[in-house]
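> Need coordinates for the following:
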Amino acid sequence: MLVSDVDGTLVTTEKVLTQEALDAANGLRAAGISLALASSRPPRGMAMLVEPLGLTLPMVGCNGAIIVNPDLSIITVHPIDPAAAMQTVKFLAAEGLDVWVYTETDWFVRDRHGPHVEREAWILKFEPVVVSAFDERHLASALKIVGVSDQPERVASTEIKGQKRLGSLASVRRSAAYFVDVTSSRASKGAAVSFLGERLSLKTDQIATMGDMPNDVLMFQCSGFSIAMGNASAAVQAEASVVTDTNDNNGFAKAVRRYLLQP
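Next up, the predicted model:
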């Protein structure tokens, strides 16, 4: 099985699923290697990839907080503890970040015109719900809380502070230069890879993973072979078995051909 990240890995910066990537997915299928997706996106934001890629395995959404079948029916879900969710919202706001909240079905924001909201709506293909404030109605079933900023250095420092502040209450990882994602401590891409491996009766050395961000390193650690994208940071690349080309230069397809399909 190959478990691949989506943004920064499978698709280009402009969110294009190239013909080369589609051909690589077909090659995996022909070789008897199953493809699964593990993304920070909610499941609704991956639905458009199911048919083109011919996906049959479960999809991992919200960094492992939810795992669904290709028809989006839920297999398992790990919401954030409501008290930890409230603490997270207050912490991110105090750090000067905008806050988004994702549940199983909805995406909540406080400012429809805030940083990256427009692009995120374009990527996910659905609109956020605008609320004046986050309360127990939103946080009782929060799967992922995102801190958003146009200052990557602020996001990076918030990740470090958040890991110390929240400790065992939640998992805190950057999913992009402008996003720091908070999920349940039980939810991570690494835990999701292990779940999929057990579900399919695969040993660790039968699983490969591919990604570009710090949240992908956790799944690198749960696979026998890991591939970092050329657009990943040096720190992420250092955690992988090999490094491929960038997502804008067909790094996904090149890695599949070179490392997974070669005899």
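> immediately after the lengthiest helix in the chain, which helix or strand?
Among all segments of the chain classified by DSSP state H, the helix with the greatest residue count is helix 152-166. As assigned by DSSP states H and E, the chain's next helix or strand after helix 152-166 is strand 170-176.
> Which elements pack onto the least confident helix or strand in the chain by mean pLDDT?
Taking mean pLDDT, DSSP states H and E as the measure, the chain has helix 136-139 as its least confident helix or strand, at a mean of 90. Contacting helix 136-139 under the criterion 3 or more CB pairs under 8 Å, 6 or more residues apart in numbering; DSSP states H and E are the following elements: helix 82-94. Quick note: C-beta positions are derived from backbone N, CA and C, even for glycine.
> What are the boundaries of the helices in this protein?
For the chain, applying DSSP H gives helices covering 19-30, 47-53, 82-94, 117-124, 136-139, 152-166, 189-199, 214-220, 234-238, 251-255.
> need the ones you listed in TSV with distance to A38, can you?
Shown next, in TSV, are those (distance: least, CB to CB, whole Å):
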stretch	distance to A38
helix 19-30	15
helix 47-53	12
helix 82-94	22
helix 117-124	16
helix 136-139	24
helix 152-166	19
helix 189-199	5
helix 214-220	6
helix 234-238	15
helix 251-255	14
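> Which of these sits closest to A228?
helix 234-238 (4.4 Å; CB to CB).
> Which strands or helices does that closest one pack on?
Counting contacts by 3+ CB pairs under 8 Å, 6+ apart, helix 234-238 is packed against helix 214-220.
> which helices and strands sit right next to the helix it packs on?
For helix 214-220, the elements it packs on are strand 170-176, helix 189-199, strand 208-211, strand 225-228, helix 234-238, judged by 3+ CB pairs under 8 Å, 6+ apart.
> Pull out the buried residues from the least confident helix or strand of the chain.
Under the neighbour-count criterion of 16 or more other CB atoms under 10 Å, helix 136-139 has 138-139 buried.
> How about stretch 130-148?
Per 16+ other CB under 10 Å, stretch 130-148 contains these buried residues: 134, 138-139, 141-148.
> List every C-alpha atom in the least confident helix or strand of the chain, with coordinates, as PDB.
Coordinates of the C-alpha atoms in helix 136-139 are reproduced here as PDB (Å, rounded to 0.1, in the frame of the first residue of the first chain):
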ATOM      1  CA  GLU A 136     -20.000  24.500  22.600                       C
ATOM      2  CA  ARG A 137     -22.200  24.000  19.600                       C
ATOM      3  CA  HIS A 138     -19.100  24.000  17.400                       C
ATOM      4  CA  LEU A 139     -16.500  22.700  19.700                       C
END
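> Alright, calling it a day.
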